[in-house]
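1. This is a predicted model, with the sequence first.
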Amino acid sequence: GDSVTQTEGQVALSEEDFLTIHCNYSASGYPALFWYVQYPGEGPQFLFRASRDKEKGSSRGFEATYNKEATSFHLQKASVQESDSAVYYCALKNAGAKLTFGGGTRLTVRP
Amino acid sequence: EAAVTQSPRNKVTVTGGNVTLSCRQTNSHNYMYWYRQDTGHGLRLIHYSYGAGNLQIGDVPDGYKATRTTQEDFFLLLELASPSQTSLYFCASSGRVFAEQFFGPGTRLTVL
């Protein structure tokens, strides 16, 4: 079945550092890829989506590019802030309505 | 902004107890979902629905029933709760198959 792997379980950075969270997927067909963010005490929130190869999704300074050859959708941000501290989830949606999530990456940004 | 509400926000029950978790969305979305969130497992889909009266099985359905009574309301039922069902439960809705999902604030369930 479909699966999403996030390499880093936790990432700790200082403000203004560059962020990369790695996401790789395994799926048949041509899935849509998503990033969600979850702040403490809240449900996950949609960040952005990409639906085709080489498409870049972006929001709030975060971005990721759909790479079908590498089966990847890595999240990046040029300069993180303390307010970016949260859990980030990569997810895919293949044929049908089910969304498959990765295990999540907890980002902690030190002031 | 889509509005998804869940009740109760916290629930404590005993092993073998009956629990119903409620979810309501007010944006006329067709699709609704129930997830559980556990450390090390991320979010896992329990059941989902395309509309009133429809139910689809998710990835971790054992021990759970669900019912979609109206377009707005989706319930998760645990008829014989077990400690392994202690978790944080999220409901979500979406308007189209490939659209983003909007999540509720979650219900923390503890089974003693």
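-> Yep, it's here. Numbers count the residues shown, from 1 in each chain, chains lettered A, B, ... in the order given.
2. Residue of chain A nearest chain B, please.
-> residue A:43 (3.1 Å; Cβ to the nearest Cβ). No exception for glycine: its C-beta is placed from N, CA and C like everyone else's.
3. That residue touches residue B:103, doesn't it?
-> Yes: contact criterion Cβ atoms under 8 Å: residue A:43 and residue B:103 qualify, at 3.1 Å.
4. what sits in contact with each of those two?
-> Shared contacts of residue A:43 and residue B:103, defined by Cβ atoms under 8 Å, 6 or more residues apart in numbering or on different chains, are found at B:4, B:90, B:92.
5. Mind telling me what element the residue positioned nearest the centre of chain B is part of?
-> When Cα atoms, centre = their mean is applied to chain B, the residue found nearest the centroid is residue B:34 (2.9 Å). Here residue B:34, judged by DSSP states H and E, is contained in strand B:31-38.
6. Setting the sequence-adjacent residues aside, check what's closest to residue B:91.
-> residue B:23 (3.3 Å; Cβ to Cβ, 6 or more residues apart in numbering or on different chains).
7. Oops, could you answer that again for residue B:74 instead?
-> Nearest to residue B:74 is residue B:32, by Cβ to Cβ, 6+ apart, at 4.2 Å.
8. Tell me the bridge partners for the residue nearest to the centre of chain B.
-> residue B:47, residue B:91 (DSSP bridges).
9. residue contacts, it?
-> So residue B:34 contacts B:21, B:23, B:45-48, B:58, B:64, B:66, B:74, B:76, B:89-91 (Cβ under 8 Å, 6+ apart).
10. Buried members of those residues into PyMOL, please.
-> Remark: buried members of those, expressed as a PyMOL selection using 16 or more other Cβ atoms under 10 Å in any protein chain shown:
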select buried, chain B and resi 21+23+45+46+47+48+58+64+66+74+76+89+90+91
